[in-house]
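Novice: After the sequence you'll find the predicted model.
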Amino acid sequence: MSSRKEPPMEPPAGSGVSRRGFIRGVGLGSGALGAGVLQSEALAQAPAAAVVGPGAVAITLKVNGKEHPLSVEPRLTLLDALRDRLDYTGAKKVCDRAVCGACTVMLDGKAVYACGVLAIEAQGKEIQTVESLSEGGRYHPVIKAFVDNDAQQCGFCTPGFVMAAKAFLEQTPDPTYEQVKAGLGGNLCRCGTYMGVRKAVLQAAKEMKGAQHA
């Protein structure tokens with residue numbers, strides 16, 4: 001049996017790295033490589049996730065309390081499903097990039113951009129659109145307040161603002177002006193009617209609070 005010893009590891013000449021630092025780096029690199037191999041093996045052994053599509057799949061969306069069975073491609077957004085398949089056209093398709101807020105709806109009580117949610121992701125959740133705020137010929141206080149304060153011009157952003165305001169007031173029933181300003185920061189108005197919108201939300205807050213105590 002040979003008793004020859006392996007030569008000590010040395011850093012490359014001219015590298016400016018000490019021998020101790022070089023050995024430490026090799027050890028860390030080997031550890032990271034080993035961890036990567038173990039992680040890859042764990043992923044390979046994990047059960048495969050269910051694949052949906054690319055063809056149409058059957059889903060059911062519950063919109064404003066009504067269930068709607070649909071057959072959609074997994075890539076279809078909730079906004080397109082609402083507008084093109086179910087004729088809920090209140091939510092507007094403006095930026096289609098989840099930036100402007102014109103397509104805001106409520107999903108399980110929270111304001112979301114409908115263009116940034118897949119229709120299949122909205123299954124089993126309560127979807128509320130602006131159409132629900134005027135059912136039965138009665139208008140929600142937020143809608144009335146928007147009219148009273150001239151909080152709309154071209155109208156494209158208005159439905160999104162109304163739904164964002166409703167969701168905000170359900171979480172913050174007695175807001176300050178600054179809270180309203182921050183709470184609706186995710187919605188844009190190209191006409192610049194922000195002052196009217198904020199006043200409308202404050203008015204709606206008072207009316208909704210008064211209705212609770214009536």
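Specialist: Looks like it arrived, so ask away.

Novice: Tell me how far Gly185 lies from Arg198.
Specialist: Distance, Gly185 to Arg198, using CB to CB, to the nearest Å: 11 Å. The C-beta positions use only the backbone N, C-alpha and C, and glycine is treated the same way.

Novice: Of those two, which one has the most company?
Specialist: Of the pair Gly185 and Arg198, Arg198 is the one with more neighbours under other CB atoms under 10 Å, namely 21 against 10.

Novice: Not counting sequence-adjacent ones, nearest residue to that one?
Specialist: Val180 (4.9 Å; CB to CB, 6 or more residues apart in numbering).

Novice: The host helix or strand of the one you found packs against which elements?
Specialist: Val180 is located in helix 177-183, with elements delineated by DSSP states H and E. Judged by 3 or more CB pairs under 8 Å, 6 or more residues apart in numbering; DSSP states H and E, helix 177-183 is in contact with helix 158-171, helix 194-213.

Novice: out of these, deepest packed?
Specialist: Ranked by mean neighbour count, these are led by helix 158-171 with a mean of 23 (mean count of other CB atoms under 10 Å).

Novice: which stretches of the protein form helices?
Specialist: With DSSP state H applied, the chain shows helices at 19-45, 78-80, 141-148, 158-171, 177-183, 194-213, listed in chain order.

Novice: Closest to the centroid, which residue in this structure?
Specialist: For the chain, Val112 is the residue whose C-alpha lies nearest the centre (CA atoms, centre = their mean; 5.2 Å).

Novice: mind putting the helices and strands packed on helix 177-183 in TSV, distance to Ala50 and mean pLDDT included?
Specialist: Putting the helices and strands packed on helix 177-183 into TSV (distance: least, CB to CB, whole Å; pLDDT from 0 to 100) gives the following:
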stretch	distance to Ala50	mean pLDDT
helix 158-171	31	98
helix 194-213	42	91
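
Novice: just so I know, which of the ones you listed lies nearest Lys92?
Specialist: Shortest distance between Lys92 and the helices and strands packed on helix 177-183, using CB to CB, is found for helix 158-171: 6.2 Å.

Novice: how many degrees apart are that closest one and helix 141-148 in direction?
Specialist: If you take axes from the mean of the first three to the mean of the last three CA atoms, to 10 degrees, helix 158-171 sits at 130 degrees to helix 141-148.

Novice: counting contacts, what elements does helix 158-171 pack onto?
Specialist: strand 104-107, strand 110-113, helix 141-148, helix 177-183, helix 194-213.

Novice: Alright, I will stop here.
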